[in-house]
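**Student:** give me the fold of what follows.
(one chain, ligands or ions: 2)
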Amino acid sequence: MGIESSCDDTAVSVMKKGKVLANIIASQKIHESWGGVVPELASRAHQANILPTIKRALEMAGVDLKSIDGIAFTQGPGLAGSLLVGMNVAKGLGIGLGIPLLGINHIQAHIAALFIENDNIELPCLVLLVSGGHTNLILINKDYSCDIVGRTIDDAAGEAFDKGAKILGLAYPGGPLIDKFAATGDKNFHSFPISKVPGLDYSFSGIKTSLLYYLKKQEKGFIERHLNDICASYQKGIMDSLFQKLTKANMQYEPKSIAIAGGVSANSTLRERIVEFGSNQNIKSYIPSFQFCTDNAAMIAAAGAMVFDLKEYTPLESNLYTKWK
Ligand code: KG4
Ligand code: ZN
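**Tutor:** Numbers count the residues shown, from 1 in each chain. Ligands and ions are numbered 1, 2, ... in the order given. Presented below is the predicted three-dimensional model:
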């Protein structure tokens, strides 16, 4: 069983021999009106949702709680108050059922999600991991060890989507909305700047400021009249930044394949462009199904299964962690 509660989704999954039997997500709508996740509200909602979500997942999987072999849970990084709910329920189940606990790194789980649908990923694989909290270029080596070769120095790509959407008066999370409006907009309507951070690192704090100043100069009603064009141009700015460094990393490391992971990998333009990039470079590209892009517990269960096989169990007294392990 996998339990994910790092942010605002309470998710539970049951997997058996690599097959996902249930992947349930209880999303918290409460944050929409606040324009972002409110940690205290998230923690309380997890508390209310977690046991019913476990019950639903077991029902969907057609599995009895007593037949669970191990409990994987997100140990970090994430919001402490949210993580604590998932971790303590996992500990309770672990002790009650007498089965191993498997503390999982959320970022590594987003990568593990790629292996749910492809167990023969060509390695080394260069992964563009883009979520609301992280933007990393990660190399999965032939021995499955991972190296972070690039990272954001400020905002994550998902944050750039969400903050940009907020400036445009759109609800949280703004990524899917920008994606939707951009579909019928002109991506060349306005040119947003690409960051000039050296090496393989990213910066996304400038693009939202640039959007803010650009809109301040416009007359009343401009956003309403040109929402689709602004979204398309803004999205293109984020994508161009992502692909500038991906291209550079690809030249530097010459991977056998490339992949995307994390919530922003649900973006339709990103999905198109990564396939195009792979075929231009003559390497394989991997894209997770939508249910495995944004936060989900199947990815925690998948990572848990790998750790379970290695017998790397998490002790009961183990605490949350916030850094890459
Ligand atoms: O992986 P995730 O669910 O949570 C974190 O670990 O952060 O990612 C959430 C992020 C949010 O910023 C959301 O706006 C973004 O993924 N996102 C998208 C799309 N769907 C989700 N961004 C752009 N286009 C989308 N279609
Ligand atoms: Zn995530």
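
**Student:** flag every residue of the stretch 201-325 of the chain that's near ligand 1.
**Tutor:** Contacts of the stretch 201-325 of the chain with ligand 1, taken as CB under 6 Å from any ligand atom, map to Gly262, Gly263, Val264, Ala266, Asn267, Thr294, Asp295. (Each C-beta comes from the backbone N, C-alpha and C, glycine too.)

**Student:** now the residues you listed in CSV, with distance to Gln218, secondary structure and pLDDT?
**Tutor:** Shown next, in CSV, are these (distance: CB to CB, whole Å; DSSP: H, G, I helix; E, B strand; the rest coil; pLDDT from 0 to 100):
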residue, distance to Gln218, secondary structure, pLDDT
Gly262, 32, coil, 97
Gly263, 30, helix, 96
Val264, 27, helix, 98
Ala266, 30, helix, 98
Asn267, 25, coil, 98
Thr294, 32, coil, 94
Asp295, 35, coil, 95
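
**Student:** with the residues you listed in mind, which one is nearest to ligand 1?
**Tutor:** Using CB to the nearest ligand atom, Gly263 comes nearest to ligand 1 of those, at 2.0 Å.

**Student:** how is this protein divided into domains?
**Tutor:** Domain segmentation of the chain under automatic domain parsing yields 2-111+296-309, 121-292.

**Student:** what's the most buried one of the ones you listed?
**Tutor:** With neighbours taken as mean count of other CB atoms under 10 Å, those reach their highest mean count in domain 2-111+296-309, at a mean of 20.

**Student:** what's the farthest-apart pair in the residues of the stretch 201-325 of the chain next to ligand 1?
**Tutor:** Distance extremes for those: the farthest pair is Asn267 and Asp295 at 15.2 Å, using CB to CB.

**Student:** can you give me the helices for the chain?
**Tutor:** Taking DSSP state H as the test, the helices found in the chain are 39-61, 80-97, 106-117, 157-167, 175-182, 205-216, 222-253, 268-281, 298-309.

**Student:** quick one: the fourth one near ligand 1?
**Tutor:** Yes. Residues of helix 157-167 are located near ligand 1 by CB under 6 Å from any ligand atom, namely Gly158, Phe161, Asp162.

**Student:** any chance you could list what contacts that helix?
**Tutor:** 35-36, 130-133, 135, 155, 171-175, 177-178, 202, 204, 207-208, 211-212, 215, 234-235, 238, 241-242, 262-264, 267 (CB atoms under 8 Å, 6 or more residues apart in numbering).

**Student:** try it again with 6 Å
**Tutor:** Helix 157-167 is contacted by residues 35, 130-132, 135, 173-175, 177-178, 204, 207-208, 211-212, 234, 238, 263-264 when judged by CB atoms under 6 Å, 6 or more residues apart in numbering.

**Student:** list the contacts of the most centrally placed residue in the chain.
**Tutor:** In the chain, the residue lying closest to the centroid (CA atoms, centre = their mean) is Gly262, at 2.6 Å. Listed by CB under 6 Å, 6+ apart, the contact set of Gly262 reads His110, Leu129, Val130, Ser131.

**Student:** near ligand 2, which of those show up?
**Tutor:** Restricting these to those adjacent to ligand 2 (criterion: CB under 5 Å from the ion) gives Ser131.

**Student:** turn the contacts of Gly262 into a markdown table, including distance to Val149 and pLDDT.
**Tutor:** Supplementary listing: the contacts of Gly262 in a markdown table, determined by distance: CB to CB, whole Å; pLDDT from 0 to 100:
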| residue | distance to Val149 | pLDDT |
| --- | --- | --- |
| His110 | 16 | 96 |
| Leu129 | 11 | 98 |
| Val130 | 15 | 98 |
| Ser131 | 17 | 95 |
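
**Student:** report the two of the contacts of Gly262 separated the most.
**Tutor:** Every pair of the contacts of Gly262 checked by CB to CB; the farthest is His110 and Val130, at 9.2 Å.

**Student:** so Tyr172 sits against Gly35, correct?
**Tutor:** Yes. Counting by CB atoms under 6 Å, Tyr172 does reach Gly35; the two are 5.1 Å apart.

**Student:** what does the pLDDT read for the residue sitting furthest away from the middle of the chain?
**Tutor:** Centroid-distance maximum for the chain: Glu219 at 36.3 Å, with CA atoms, centre = their mean. Per-residue pLDDT puts Glu219 at 96.

**Student:** any idea how far it lies from ligand 1?
**Tutor:** Separation of Glu219 from ligand 1 (CB to the nearest ligand atom, to the nearest Å) stands at 28 Å.

**Student:** tell me the residue of the stretch 1-150 of the chain that sits nearest ligand 2?
**Tutor:** Nearest residue of the stretch 1-150 of the chain to ligand 2 (CB to the ion) works out as Ser131 at 4.3 Å.
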